[in-house]
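**Q** Can you look at this prediction? I've put the sequence above it.
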Amino acid sequence: MLTTISWEPVRRACRLRHPIVRETLAELVGTMTLVFIGNSVIANNAVNAMNNEALGYGVALAISVFATGGVSGGHVNPAVTVALSLAGRCQLNRVLPFVLAQYIGGFIGAALTHGLYFDLFKKDPGRYSTLYGIFATYPELNRDFKLQNISLGGAFLDQVMGTALLMYGIMAITDKRNTNVPKGVVPLAIGVTLFGVITCSSSNTGAALNPARDFAPRVYSYIIGYKDVFKYCDHFWWVPIVACHLGAVIGALVYLLAIELHHPTGQHEDEDKAVLDVDADSAAAARSRRGHRGSAGPVRQGAARPYREPAYELSGRENRAYEVDDEPRAYSGRRGDSRSGRDRFADDYM
């Protein structure tokens, strides 16, 4: 009889039972995966120029969200976590542990990239080459390591707009009351969104779009010997931290205020339906005044309509349904009122 190895005893012994601890670990591993794959793609391009950083980071994000989305939501980005908490999609007690885990994961991911391309870095023992660019993002430099084609303010705006666009896409993809993207497609959709954002803006600053993807690996590159990474580009290092957080909040609020808050739900659906009914009644009254005798929609008190057969379902002052036909019929809506349905209709609604 064929048997399989059972991990159930290990699972029972090692399983993290506290949800915050379990989700925080998922964020650490997810961000580590994102940075490891993404930075390794950049390192690979340093050896064999293929110019596929955008695709590499898009796939890295999709894999990370596939791995952790069902546990923690797959934020893998401090700016995304903070923005989701402000939008009401992430509990506030998750923000601090998630953010710390994401920075730690980014640092470990950078270390894994260093290990994968250890021989490449051995060729630069004095740390004088541009291999520091594997770990963090930098705008284009001149010979004095100053900003060349973009100002510091322009770099800040680039990161704000890029992260806002990324966050806007994430909000839309994960909004179940919008297009309701299937759960299994969400990671791919988010990865494609990142690919698009990096493709449209990477030439400005390198498109960090994620503080944990930039700052933590930058710290690692400083530790292994690249001592000027916090001085390059007019001290650019703080821009991906501040600008990405600001941009993510802007992107989330734009989607929330422009789209998500306007989805009809519950009582609001009834209100929207009532508005449509009023509009239909107004159109019916206008057609009646022009002499048309086509279909006129629901009847409303005060709306002039010609007599039609065979029946009406009315919700007027009595909130009772009755029929109108050619034969006189006693109306029982009011005591002592023996007028026919046609007379009652003519008196009350014509």
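**A** Thanks, I have the structure now. Numbers count the residues shown, from 1 in each chain.

**Q** Wasn't Ile170 part of a helix?
**A** Yes - counting by DSSP: H, G, I helix; E, B strand; the rest coil, Ile170 is part of a helix.

**Q** Give me the local confidence score for it.
**A** Per-residue pLDDT puts Ile170 at 97.

**Q** Hmm, Ile190 and it touching each other?
**A** Yes - judged on Cβ atoms under 8 Å, Ile170 makes contact with Ile190 at a distance of 5.9 Å. Just so you know, the C-beta spots here come from the backbone N, C-alpha and C atoms, and that holds for glycine as well.

**Q** give me the low-pLDDT residue ranges for the stretch 251-350 of the chain?
**A** Scanning the stretch 251-350 of the chain for pLDDT under 70 picks out the ranges 266-281, 289-350.

**Q** From the contact counts, what lies against the helix ranked longest in the chain?
**A** In the chain, taking DSSP state H as the definition, the longest helix is helix 19-47. Packing partners of helix 19-47 (3 or more Cβ pairs under 8 Å, 6 or more residues apart in numbering; DSSP states H and E): helix 53-68, helix 92-116, helix 118-122, helix 211-223.

**Q** got JSON lines for the ones you listed, with distance to Thr265 and mean neighbour count too?
**A** JSON lines is the format used below for the helices and strands packed on helix 19-47 (distance: least, Cβ to Cβ, whole Å; neighbours: other Cβ atoms under 10 Å):
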{"stretch": "helix 53-68", "distance to Thr265": "27", "mean neighbour count": "22"}
{"stretch": "helix 92-116", "distance to Thr265": "23", "mean neighbour count": "20"}
{"stretch": "helix 118-122", "distance to Thr265": "54", "mean neighbour count": "12"}
{"stretch": "helix 211-223", "distance to Thr265": "34", "mean neighbour count": "24"}
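
**Q** Ok, which of those helices comes nearest Ser282?
**A** Closest to Ser282 of those, according to Cβ to Cβ: helix 92-116, at 46.5 Å.

**Q** average pLDDT across that closest one?
**A** Averaging pLDDT along helix 92-116 gives 96.

**Q** what comes into contact with it?
**A** 20, 23-25, 27-36, 39-40, 43, 72, 75-78, 81-82, 85, 90, 121, 134-135, 211-213, 215-217, 219-221, 224 (Cβ atoms under 8 Å, 6 or more residues apart in numbering).

**Q** Between the helices and strands packed on helix 19-47, which one is closest to Leu141.
**A** Checking the helices and strands packed on helix 19-47 against Leu141 by Cβ to Cβ gives helix 211-223 as the closest, at 15.0 Å.

**Q** Please name every helix or strand in contact with the closest one.
**A** helix 19-47, helix 78-86, helix 92-116, helix 239-258.

**Q** I'd like these written out as a markdown table, with distance to Leu152 added.
**A** Converted to a markdown table, the helices and strands packed on helix 211-223 look like this (distance: least, Cβ to Cβ, whole Å):
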| stretch | distance to Leu152 |
| --- | --- |
| helix 19-47 | 23 |
| helix 78-86 | 19 |
| helix 92-116 | 23 |
| helix 239-258 | 7 |
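
**Q** what about those helices, which gets the closest to Lys176?
**A** helix 239-258 (13.6 Å).

**Q** Now do that closest one: distance to the chain's middle.
**A** 11 Å (Cα atoms, centre = their mean, to the nearest Å).

**Q** likewise stretch 202-222?
**A** Distance, centroid of stretch 202-222 to centroid of chain: 22 Å (Cα atoms, centre = their mean).

**Q** how near is Trp183 to Gly70?
**A** One correction, residue 183 is Lys, not Trp. Going from Lys183 to Gly70 by Cβ to Cβ, to the nearest Å gives 8 Å.

**Q** Would you mind getting the angle between the longest helix of the chain and helix 211-223?
**A** Relative orientation of helix 19-47 versus helix 211-223 (axes from the mean of the first three to the mean of the last three Cα atoms, to 10 degrees): 60 degrees.

**Q** before we move on, back to that, dump the helices and strands packed on helix 19-47 to CSV, plus distance to Ser201.
**A** Below are the helices and strands packed on helix 19-47 laid out as CSV (distance: least, Cβ to Cβ, whole Å):
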stretch, distance to Ser201
helix 53-68, 10
helix 92-116, 20
helix 118-122, 27
helix 211-223, 14
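
**Q** So which of these is nearest Thr205?
**A** Closest among those, using Cβ to Cβ: helix 211-223, at 9.7 Å.

**Q** between that closest one and helix 78-86, how many degrees?
**A** Going by the same axes, to 10 degrees, helix 211-223 makes 150 degrees with helix 78-86.

**Q** Renumber starting at 292 from here on
**A** New numbering, starting at 292: the last item is helix 502-514.

**Q** Determine the number of other residues adjacent to the spatially closest residue to Lys437 that is not a sequence neighbour.
**A** Ranked by Cβ to Cβ, 6 or more residues apart in numbering and with sequence neighbours excluded, the top spatial neighbour of Lys437 is Asp525, at 6.2 Å. Neighbourhood size, Asp525 [other Cβ atoms under 10 Å]: 14.

**Q** rewinding a little: now list the buried members of the contacts of helix 383-407.
**A** Among those, those buried by neighbour count (16 or more other Cβ atoms under 10 Å) are 314-316, 318-327, 330-331, 334, 363, 366-369, 372-373, 376, 381, 412, 425-426, 502-504, 506-508, 510-512.
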